[in-house]
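Show me the folded form of this:
(chains A and B)
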Amino acid sequence: MTVAVHFLFLKDDRSATPVFSHGHLYVLQRSGCGKATSSPAENYQLARRRTLQVVVSSLLTECGFESAEKATVESLTEMIQSYISEVGRCAKAYCEHTARITPTLSDAVVTLNEMGFNVDTLPGYAKRSQRMVITAPPVTNAPVIPKALIAGQKRTHPSHIPSHFPEFPDPHTYIKTPTFREPVSDYQVVREKAASQRRDVERALTRFMAKTGETQSLFKDDVTAFPLIAERPSSIPYLSALLPSELELQTLEETDSSEQDDQTDSENTPVNNLNDDPGADKENSVLLAGGVVPSVKVSEENMIDNPYLRPVKKPKVRRKK
Amino acid sequence: MHEVKMNRKKDKGFESPRAVIPQCVNLLCHVYSHTTHQVVCINNINFQRKSVIGFVELTIFPTVVNLNRIKLNSKQCRIYRVRVNDLEAPFIYNDPTLEVCHHESKQRNLNYFSSAYTAAVSAVDPDAGHGELVIKVPSELWKQGDEMNVLKVYIEFSLDQPKGGLHFVVPDVEGSMAERGAHVFSFGYQNSTRFWFPCVDSYSELCTWKLEFTVDASMVAVSCGDLVETVYTHDMRKKTFHYVLPIPTAASNISLSVGPFEILVDPYMHEVTHFCLPQLLPLLKHSMSYLHEIFEFYEEILTCRYPYSCFKTVFVDEAYVQVSSYASMSIFSTNLLHSAMIIDQTPLTRQCLAQALAQQFFGCFISRMSWADEWVLKGISGYIYGLYLKKTFGVNQYRHWIKEELDKMVEYELKMGGVLLHPTFGGGKDKDNPTPHLHFSIKHPHTLSWKYYKMFQCKAHLVMRLIENRISMEFMLQVFNKLLSLASTASSQKYQSHMWSQMLVSTHSFLKSISNVSGKDIGPLIKQWVDQSAVVKFFGSFAFNRKRNVLELEIRQDYTSSGTQKYVGPIKVTVQELDGSFNHTLQIEENSLKHDIPCHSKSRRNKKKKIPLMNGEEVDMDLSAMDADSPLLWIRIDPDMSILRKVEFEQADFMWQYQLRYERDVVAQEESILALEKFPTPASRLALTDILEQDQCFYKVRQGACFCLAKIANSMMSTWTGPPAMKSLFTRMFCCKSCPNIVKTNTFISFQSYFLQKTMPVAMAQLRDIQNLCPKDVLNFILDLIKYNDNRKNKFSDNYYRAELIDALTNSLTPAISISNEVRTVDNLNGDVRLILEEITRSLNMEKLLPSYRNTITVSCLRAIRMLQKNGHIPSDPSLFKSYAEYGHFVDVRVAALEAVVDYTRVDRSSVELQWLLNMVQNDPAHYIRHKILSMLGKNPPFTKAAESPLCNEALVDQLWKLMNSGTSHDWRLRCDAVNLYYTLFGLTRPSCLPLPELGLVLNLKEKKAVLNPTIKPEQGLDTTEMTGNTMGVHIPVMGFTSSFNTVEEDEIDMESPHDSQAFIHHHLNILERPSTPGQHPVKHPARIILLSDNLVLFFSRTRCTSTVDQAVLSLPVTPLPSSFGKESTSSSKHSGDHHHHHHHHEHKKKKKKKHKHKHKHKHESKDKERDSHAFSNSPASGRSVRSPSMSD
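Residues are numbered from 1 along each chain as shown, chains lettered A, B, ... in the order given. So this is what the prediction gives:
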């Protein structure tokens, strides 16, 4: 609070012109509107606002100000209103958090603490000597909440829901209302689209790669026309050339899974039934997806007598030593 | 010892107890020691340094008393010590094949090289008891000879960066050798084991083996035989693999591969183990899932178990060949592995496996007696492989394959001259050349051109098929079974090594088995196709004689052109008439050309009736096309391909069309497709279209029909109606019903359709419109195929299909229309080409991000880019291809790029690129690539001997000469490739681009021989003397002769005056002396001997030659060299042109000589002074003097 006032002072020192803040404009608009329509809700709010202004003014007086520009008062009013709203909102949230609907004192205290306000200073402040008494805002009727527009027929409860349960909400809140056009299902167009989309992606991707990396060119006059991504020798060229790419593996997994089951079943020999091996690594899953023969696992070494699977022997101890 | 070896005559036997007659029925009788057991122990394999250290121990049984020398084969090994029975033994290591012709020799003709090379190979031929390594048995052991004690020969050796025999693949990445996937494997063509350990490197020397390999603990050593145990070394960082091979095996069938292999035990056969490089295990599992069926097939037809107790397959990178078989293991190229998504590679890989396995039975288990018997092994293994093809891929595929092989072989034989399966080299005169038409000798496998060897294998299995036709398959298989069971009985005789010869097959024993089993005489067949080279060429035509109702068939033969022979005997002719198909067997005799064949049916009858076909089927035919007077539908000559022949048969177009539509044999269909190319008519079009649409038709026939249809459409351009050929067909078959311009999403469920879908666009792209451009329709169609290609829902990869679509784009290219000789720029790029280029660029770039299997798309793109360059659409530039050709790319990509560079070299006559290629031949780490470059250069040569080219210069001649002379000594195949290329570029004789020899006289000492030995009459006529053993030529370039044709005249003279040769030589030696310019050289060397012979040596020694001459002798190639004299002179005589008058009127030789002398003198004075001095000062050492007083005596 003090800081805000101080800020105000600074502002005042610098320029004599009134400071227009957002809140000020807002108030103006509001008041303008209020006069024009003067609905009960409007009146209710204006009364409270005025009380707040009185509070601000009395506080200023209390602090020793003799006069204040209207705009300043409006700003401070806006600030205090926000502050109080925030306290209320938070207190409400705390209370709802503990499954209650009415905030209690402790909710407010927690909120204030949370907002960095030392609650212990509050009683002292309340009992200060020079405080001014502010009259309560004039009693106005609380505004009537306008009735929501009823859209459609509300559903009645089905038989299994007791009638004391709340009513169904308006149908528009749960009924699906498509907001887009039916997708084109014409085969030709779909194919066309898929093709051009893929081509665009590919072109963009290759162009990007070509732009960002080294290129080779087919033309001497214009090296940017038809750029070729420069070849890069690989140390083990056969790997990329022989192993299926990620994309192809995906395709393979997507395509009929029924077939692979058949194949693996038929190719399982009694000795090598190991499809349920949990430790199957990625390569094995690829393999099984491809529907090829089962592999030989460590667990089966005992069953298969192959010299390459036998454990390596320890060297014999030399007799000399 | 060196010189003795060079000058020795073959039949004198030198000191070698093993060396006797090279061609003998049973080698064991003539080779005086026999290895029974060999231990090979490799202690250390260093991948970093690429070196190997180890020892071998051979157990040798002397078969004669006083065995004092042992000869073994060993190349490039460094030998540290040799011990015989624990006694240190002296040894000599001499490898004459390292440098075939002495480096000082300036001789550059191929005949000379070939004979020198053959001689060098013969000099170390283990079958003849020779070897590079000669070990002197310590004298202490000589006495034991009486007792015939066993000798144990222990040899310590090492190999450092071997260039042949063992290949190290060490990828340049981070990590330990195992993590890097470094591996090493043995390789080679024929006997190549000597490259990596000392042995008797012969297919006929069998012994049992103990093999030990100590390798890093993370590696696996795979070798022949049973793995007995694997033991850690004491430091636990290495393991030793102990192998025992109890079945007697030739050293040449021993192999090794070491690497961090992933191990897969075959789930169906636990004694079979597969090995592949890290990360490839899933592929290995899939690719090998089929092997057990091949095993079962062979075991069943041969009624014999697989002879070894285990089998190993190893897949390695940078393989020398796709498949190589060794005892109980085969080494394959890793590129054969594939996943389940790949269609095209699957049959190829299975075929490779089947080939490897067939060779396990015949080639590894059963070995050959001598090189001349190789055809039996290759024939049988190829034949049973064919049976496997028939069973697995069907009769259509089998017959198609037979036709393909036959056509390939016939084409080769007609072009290059015959392929001889069973060469016999007459007794002592082992220089009788049975194949004078070839530029290489077929005496040894190592001198053969690779292509020839391929065709040799091809012919071998075709001949086996002919034998089967004669004696029935049942008997054939009985013969094989007999060979195998004899061999397995022999192999189990552990200590009776003399029995082991049963494991060797020879032509003789094979034929004997056949006659025993079948009781049939196949002598004429063998004589015709095995003992004799060449094929038969038939021309057939016919006329129908309506009055006699007889078909008059005329079958002519061409047996005069190269590669052809005369056929006499039966020939089958099948005639399809209206009443059915009838076989006739005609006798081809000496002079009968015409054969009358009575027809069964009268000409056309009115009532419609089904026509019976050969296979019993009855079909309705629309007979409106046929000749109303003749009942003949079609005629086929030798339909079963039971003669190795080419048939050119003439019949009317409608007959070919009927044959295509209704003959059920795929061979007949393919023949008719080929023939229909010449009949561009609507009827042909219809017949081809019908075939294309017919599902039951063999897919390869349909593929063939596509290309034929494209050709026909182009010929019919002006009258063609309707949409471009095949377009509507393709649309109907492969496009969506609702939107015919969009191709269906790929499924590839029917492989037949898949292959057709791949082929049709490629064929369509060959269509041309009146402007000779690819029709716009077709191009857009293909571009749409690429655009709408959708493989997302396919379980198969579409990489081959996409690659073929790129090929289709390539096919659609036509030469650019260029206004002037302007530079190709982006701006003046034709619109269509721009679209094509766009696709190619995109595809090639996408390959970088998502590489396709075997990079098929990159390969196609590179070809397309080259085609764009060639057609002048984009600037011709080899740099792109050169970068793709570098080491580090996938081998298929490299080959495609190299092919483009080779093509560029030819088109642009670029010496830079040629040098670059030759450089790669010398330095590339991959042996296959080196071989491929040379063979591609041979196929698409930068220039040929017929044409002038700026590329053809002396430096190139020298470079290639060096390459084949010494640069390729580590690889038999590569050396022969180099020889082939040299032949293609320069021919057999002295390359025309060489500067005229400063000393142009060629001195023939043939008549010298006559003087020394008057009983031998010199041959008349130059052509017959070529390559014969008795003809020894001394080519002495004589200063002052400006061109080689002068030498021709000399030749002619001396040929006609053998009795006067003494005078002749005298005269020439005088000439030789004359031009020597005093003071130019400290020792006056007026002439150089370029070629010497033992005859000459004899001559020199008789005339008490001086030491200078001896030196001259020493500097020459190791063994006696036959002269290539005749051919050179005949061919050069063609060039003699304006000097022909000399030939016509040499009335008197003395006069002639004078004339010569005069001329020679004159020329010398006028022209050649500088050149002479230059030559001498450049190579003083080469100027060996023949000047000796004794000679002019």
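
going forward, measure contacts between C-alpha atoms and count neighbours the same way
OK.

Pretty sure B:L956 sits in a strand.
No - going by DSSP: H, G, I helix; E, B strand; the rest coil, the assignment for B:L956 is helix, not a strand.

Quick one: residues contacting the closest residue to B:G131 other than its chain neighbours.
If the residues on either side of it in the chain are set aside, B:G131 comes closest to B:V124, at 4.2 Å by Cα to Cα, 6 or more residues apart in numbering or on different chains. Shown in contact with B:V124 (Cα atoms under 8 Å, 6 or more residues apart in numbering or on different chains): B:N73, B:D95, B:P96, B:H130, B:G131, B:E132.

Need the pLDDT of the first one.
What the model reports as pLDDT for B:N73 is 93.

tally of neighbours for it?
Neighbourhood size, B:N73 [other Cα atoms under 10 Å in any protein chain shown]: 26.

Not counting sequence-adjacent ones, nearest residue to it?
Nearest non-adjacent residue to B:N73, counting by Cα to Cα, 6+ apart: B:G131, 4.6 Å away.

contacting residues around the one you found?
The contact partners of B:G131, by Cα under 8 Å, 6+ apart, come to B:K71, B:L72, B:N73, B:S74, B:A123, B:V124, B:D125, B:V200.

re earlier: nearest to chain A, of the contacts of B:V124?
Closest approach to chain A among the contacts of B:V124 (Cα to the nearest Cα): B:N73, at 31.9 Å.

Isn't the closest one up against B:V200?
Yes - between B:N73 and B:V200 a contact is recorded at 5.4 Å, counting by Cα atoms under 8 Å.

what sits in contact with each of those two?
Counting by Cα under 8 Å, 6+ apart, the common neighbours of B:N73 and B:V200 are B:P126, B:G131, B:R194.

State the number of residues packed around the first one.
Looking back up the chat, that one is B:P126. With other Cα under 10 Å as criterion, B:P126 counts 26.

Confirm B:V231 sits in a strand?
Yes - looking at B:V231 with three-state DSSP, it is inside a strand.

excluding its backbone neighbours, what's nearest it?
Of all residues not flanking B:V231 in the chain, A:K313 sits nearest, at 4.5 Å (Cα to Cα, 6+ apart).

my guess is the one you found contacts B:H234, does it?
No - using Cα under 8 Å, A:K313 makes no contact with B:H234, being 10.9 Å away.

Check the contact lists of those two and give me the overlap.
By Cα under 8 Å, 6+ apart, no residue touches both A:K313 and B:H234.

thinking again about what came up before, got a winner among the contacts of B:G131 for most neighbours?
Ranked by neighbour count (other Cα under 10 Å), the contacts of B:G131 have B:V200 at the top, with 31 neighbours.

and it, what does it touch?
By Cα under 8 Å, 6+ apart, B:V200 lies in contact with B:T35, B:K71, B:L72, B:N73, B:P126, B:G131, B:R194, B:A251.

Can you name the helix or strand that the first one falls in?
Okay, so that is B:T35. Assigned by DSSP states H and E, B:T35 belongs to strand B:33-46.

Assign the residue nearest to B:V921 when sequence neighbours are not counted to helix, strand or coil.
Counting by Cα to Cα, 6+ apart, the nearest residue to B:V921 once its immediate chain neighbours are dropped is B:R930, at 4.5 Å. Three-state call for B:R930 (three-state DSSP): helix.

okay, now the nearest residue to B:G563 once chain neighbours are set aside: neighbour count?
Nearest residue to B:G563, sequence neighbours excluded (Cα to Cα, 6+ apart): B:G417, at 3.9 Å. Per other Cα under 10 Å, the neighbour tally for B:G417 reads 21.

does B:G417 really touch B:Q565, like I thought?
No - with contact defined as Cα under 8 Å, B:G417 and B:Q565 do not form a contacting pair (10.4 Å).

Now for those two: what residues contact both?
With contacts defined as Cα under 8 Å, 6+ apart, the residues shared by B:G417 and B:Q565 are B:A534.

Among the contacts of B:V124, which are located in helices?
Of those, none are assigned to helices by DSSP state H.

Can I get those in a markdown table including distance to B:A182?
As requested, those are exported to a markdown table (distance: Cα to Cα, whole Å):
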| residue | distance to B:A182 |
| --- | --- |
| B:N73 | 28 |
| B:D95 | 31 |
| B:P96 | 33 |
| B:H130 | 36 |
| B:G131 | 33 |
| B:E132 | 31 |
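
and residue 174, how many neighbours does it have?
You didn't pick a chain, so chain A it is. By the measure other Cα under 10 Å, the count of residues near A:Y174 is 9.

The intended chain is chain B.
By other Cα under 10 Å, the residues close to B:E174 number 8.

Please report how far it lies from B:F679.
63 Å (Cα to Cα, to the nearest Å).

what does B:Y326 give?
Going from B:Y326 to B:F679 by Cα to Cα gives 51 Å.

can you check B:L974 too?
44 Å.

More neighbours: which of those two?
B:L974 (29 against 18).

Any idea how many residues pack against A:Q153?
For A:Q153, the neighbour count with other Cα under 10 Å is 10.

Was I right to think it contacts A:P171?
Yes - with contact defined as Cα under 8 Å, A:Q153 counts as touching A:P171 (7.0 Å).

element containing B:I294, please.
For B:I294, the element it lies in under DSSP H and E is helix B:291-302.

Could I get the full set of helices for the stretch 101-250 of chain B?
For the stretch 101-250 of chain B, the helices defined by DSSP state H, counting those that start in this stretch cover B:110-123.

Spell out which residues belonging to it are near chain A, please.
The stretch 101-250 of chain B has residues B:P171, B:D172, B:V173, B:L227, B:V228, B:E229, B:T230, B:V231, B:Y232, B:T233, B:H234, B:K239 near chain A, with proximity defined as Cα under 8 Å from any Cα of the partner chain.

Identify the residues contacting the second one.
It stands for B:D172. Shown in contact with B:D172 (Cα under 8 Å, 6+ apart): A:S235, B:R180.

Could you measure from it over to B:Q48?
The gap separating B:D172 from B:Q48 is 11 Å, by Cα to Cα.

try the first one
When Cα to Cα is the yardstick, B:P171 and B:Q48 sit 11 Å from each other.

more crowded one of the two?
Using other Cα under 10 Å as the criterion, B:P171 and B:Q48 rank with B:P171 on top: 17 against 11.

Name the nearest of the contacts of B:V200 relative to chain A.
When the contacts of B:V200 are ranked by distance to chain A (Cα to the nearest Cα), B:A251 comes first, at 23.5 Å.

Now that closest one: closest residue in space, sequence neighbours ignored.
Nearest non-adjacent residue to B:A251, counting by Cα to Cα, 6+ apart: B:D201, 5.4 Å away.

Touching, the one you found and B:R194? I think so.
Yes - if you go by Cα under 8 Å, B:D201 and B:R194 touch, sitting 5.8 Å apart.

Mutual contacts of the two, please.
With Cα under 8 Å, 6+ apart, B:D201 and B:R194 have common neighbours B:N73, B:S252.

Contacts only, for the residue nearest to B:V231.
Counting by Cα under 8 Å, 6+ apart, A:K313 makes contact with B:E229, B:T230, B:V231, B:Y232.

Good, wrapping up.
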